[in-house]
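1. below are the sequence and a predicted model for it; my questions follow.
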Amino acid sequence: MIRTDQTSLAPPPLPPRLGRSQPILIPAQLPPLGHNNKPLIHFLAGVVILHLMLSIGGFIYLLYKDKTLLPENSPLAQERVGYPPTKQQEASSLALARMVIEQPSYTGKEDKSSGFLRWEKTQSVHKNINSYENSWLTILEPGDYYVYSRVTFSKGSAKIPLASRVKLRKSETEKDETVMKAYCSLNSSNISRKSASDPDMCTATQMELLTLEKGNQLSVWVQDLSLVDYEAGATTFGMYKL
């Protein structure tokens, strides 16, 4: 007769109870990294470096693409192709002149003949435009210039018209030519009766857009210097680059 209550096999394990956490076995020490793991480490390091380079490159691209991210006075914004010049750059390249008439000192009849008006040094203003012999303005930057002239005559003449001419010469040694001209007139019947304290006056005004080259010179010429009114503000000459 075989007894079934005795056996050499271990009894089966008990089933886990619901709601009870299972223990997690953690090894006491991780295995050391061996030579077989070096390629993996190099790969991960390369991925990190590549990601960093892509991030920096994308940031620089956005800076160049969107001008609102850059301050106007930053060097990067100023060096970028197509970026509009700042106000400081525009001011530094501005070319202009506003000349104030110089009071003549006549020493003889020859001084009252036709000639070029002279401009006062200390009160006149010119930037990026040079003054030559107190009469000529020399262009330093080529371009389109708005040129204006205002000549007031305090005396008339029965022999010659009251006219002012803006003369242009390409250089100091070249012959000048008239590029602008204006006239005004006084009542001829009043010319002899008007006194110096109560004169008739007229103003010849002219404005023109001229394309000028570097080295070109401009000046104002009148046929009789003695007929010009030299009061401050009555006669002036100037230009500015567009």
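-> Here it is on my side, so go on. Only a predicted model underlies this, so the values are computations on that prediction, with no experimental measurement involved.

2. tell me what the longest helix seen in the chain is packed against?
-> Secondary structure of the chain per DSSP state H: the longest helix is helix 38-65. With contacts defined as 3 or more C-beta pairs under 8 Å, 6 or more residues apart in numbering; DSSP states H and E, there are no secondary structure elements packing on helix 38-65. For glycine as for every other residue, the C-beta is placed from the backbone atoms N, C-alpha and C.

3. verify the stated contact: Leu242 with Tyr145.
-> Yes - contact criterion C-beta atoms under 8 Å: Leu242 and Tyr145 qualify, at 6.9 Å.

4. between these two, what contacts are shared?
-> Both Leu242 and Tyr145 are in contact with Leu209, where contact means C-beta atoms under 8 Å, 6 or more residues apart in numbering.

5. who has more neighbours, those two?
-> Tyr145 (24 against 9; other C-beta atoms under 10 Å).

6. which residues does the closest residue to that one other than its chain neighbours bridge with?
-> Counting by C-beta to C-beta, 6 or more residues apart in numbering, the nearest residue to Tyr145 once its immediate chain neighbours are dropped is Met239, at 4.8 Å. For Met239, the beta-bridge partners under DSSP bridges are Ala97, Val147.

7. from Val220, how far out is Met239?
-> Taking C-beta to C-beta, to the nearest Å as the measure, Met239 and Val220 are separated by 11 Å.

8. look at those two and report which has more neighbours.
-> A side-by-side neighbour count of Met239 and Val220, using other C-beta under 10 Å, places Val220 first with 27 against 24.

9. pretty sure the more buried one is in contact with Ala163, am I right?
-> No - counting by C-beta under 8 Å, Val220 stays clear of Ala163, with 10.9 Å between them.

10. quick revisit: now do the contacts for the residue nearest to Tyr145.
-> Leu96, Ala97, Ile129, Leu137, Tyr145, Tyr146, Val147, Tyr148, Leu218.
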